[in-house]
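Asker: need the 3D shape of this:
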Amino acid sequence: MKSWQFANRAAAMTPSIIREILKVTERPDIISFAGGLPSPQAFPVQEFREAFDKVMSEHPRAALQYSSSEGYAPLREWVAASLPWPVHPDQVLITTGSQQALDLVGKVMLDMGSRVMTQTPTYLGALQAFSVFEPEVIGLPNDDQGVQIATLEREQLRYGARFLYLLPTFQNPTGLTLPTSRREELASSLHALGLPLVEDNPYGELWFDNPPPAPISSLLPEQSLYLGSFSKVLAPGLRLGFIVAPAHVYPKLLQAKQAADLHSPTLNQRLAYEVLARPGFLDGHLQRTRQLYRDQCQAMLDALRRHMPEGVTWNVPRGGMFLWLRLPEGLDSTHMLPLAVQHGVAYVPGAAFYDTGADVRTLRLSFVTASMEEIDQGIAQLARTVNEALETRRSAS
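Answerer: Modelled structure (predicted):
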């Protein structure tokens, strides 16, 4: 009997460290700051119940049938109208989550050995999606305003990347947002270099006090692929996202989509549209979600200030779902994780978000799924873990 023979690219595939950590956090005694899940408290359950009844009453057979690969036309029109620059619905491709959008971009744009530029650190799911196509990842360091322009220009002239992948608004994992001035500089540089941009923006609507700057794609529409998601503003169980693409790129993305899954679920697309199209719904829903996340973020910041020992630093995000924390010198967040789990708390080690050259002192904390009480208790236990790790290091030296 012949044994299975895997493709060479399969050998490079690795399990998601976040998914592996989430298996541990299913234990009821673990307070998890590890996941990237939105808060279920924010899900518009009643609106979806009513939307389901309407769709199944008025268009049941169409909702249960195959549909076009481009996506449900009214939903594509809604996406185009919602963006802050002129977009035609024919530029919008509905995807099965924004994770599929990353996979389609990889299929269309990357060959084995071709180069892609990313922020360092960057979204783990993007690194995994692109890795299947065996590219060389060129990491660009951030300063406090985002990607360093001079480094981008030098590295592009040296390596000739296919595109720059960027998550410029409430970035996962750091929470960093590029200001308007840096976005304008970046758009100008990309235009001069002729380097395409893949802009991922799943968290842009989750701002706390003031909306973020307009997407970089609005400054560079013919040179950008813009990725969005309904997971964070509605519900991730829908598995719906979208790509906005220039007209000359769209057909190849559509062909890749057709080969992957024909189309995203018809019923889910219709449900999403019915909910989004309800007069006044989205503004009120987002306002409640932002307030929830703002309060939980503040609770975590307050707990960090109360409990963490000297030498631990963290950012103060203006939106999104994550805090980025850095441990004192000599500690490694990956090595410290088993001790944290023993104390009943979990996080994602920062090394997971680097392709190479990881800062082992970093870790990501999600503040949106734990209760206020769990946040305080979990941060206290994390501080206990850090103190014990520091004491162990001092004893060893």
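Asker: okay, CA-based contacts and neighbour counts for the rest of this
Answerer: Fine.
Asker: quick check: buried residues in the longest helix seen in the chain?
Answerer: Across the chain, the helix with the greatest residue count (assigned by DSSP state H) is helix 281-307. For helix 281-307, the buried set under the neighbour-count rule, 16 or more other Cα atoms under 10 Å, comprises 285-286, 289-290, 292-297, 299-301, 303-304, 307.
Asker: so what secondary structure elements neighbour that helix?
Answerer: helix 372-396 (3 or more Cα pairs under 8 Å, 6 or more residues apart in numbering; DSSP states H and E).
Asker: and the angle for the helix it packs on with helix 281-307?
Answerer: 40 degrees (axes from the mean of the first three to the mean of the last three Cα atoms, to 10 degrees).
Asker: report the distance from helix 372-396 to the chain centre.
Answerer: Helix 372-396 sits 27 Å away from the centroid of its parent chain (Cα atoms, centre = their mean, to the nearest Å).
Asker: just stretch 154-166 next, same as before
Answerer: Relative to the centre of its chain, stretch 154-166 is centred 21 Å away, using Cα atoms, centre = their mean.
Asker: before we move on, what about stretch 135-154?
Answerer: That offset, for stretch 135-154, works out to 18 Å (Cα atoms, centre = their mean).
Asker: which residues touch it?
Answerer: Stretch 135-154 is contacted by residues 110-121, 168, 176-179, 182, 185-186, 189, 193, 355-356 when judged by Cα atoms under 8 Å, 6 or more residues apart in numbering.
Asker: quick one: end-to-end distance for it.
Answerer: 19 Å (Cα to Cα, to the nearest Å).
Asker: kindly report the same for stretch 138-151.
Answerer: End-to-end distance (Cα to Cα), stretch 138-151: 11 Å.
Asker: in it, what counts as buried?
Answerer: With burial defined by 16+ other Cα under 10 Å, the residues of stretch 138-151 counted as buried are 138-140, 142, 146-149.
Asker: and these, which of them are in strands?
Answerer: 138-140, 142, 146-147 (DSSP state E).
Asker: wait, which of those residues is closest to G330?
Answerer: Distance to G330 across these (Cα to Cα) is lowest for N142, with 22.2 Å.
Asker: how far away is that closest one from L304?
Answerer: According to Cα to Cα, N142 stands 24 Å off from L304.
Asker: who's in contact with the nearest residue to G194 once chain neighbours are set aside?
Answerer: Closest residue to G194 apart from its sequence neighbours, by Cα to Cα, 6 or more residues apart in numbering: Q223 at 8.0 Å. The neighbours of Q223, taking Cα under 8 Å, 6+ apart as the test, are 191, 194-197, 217, 246.
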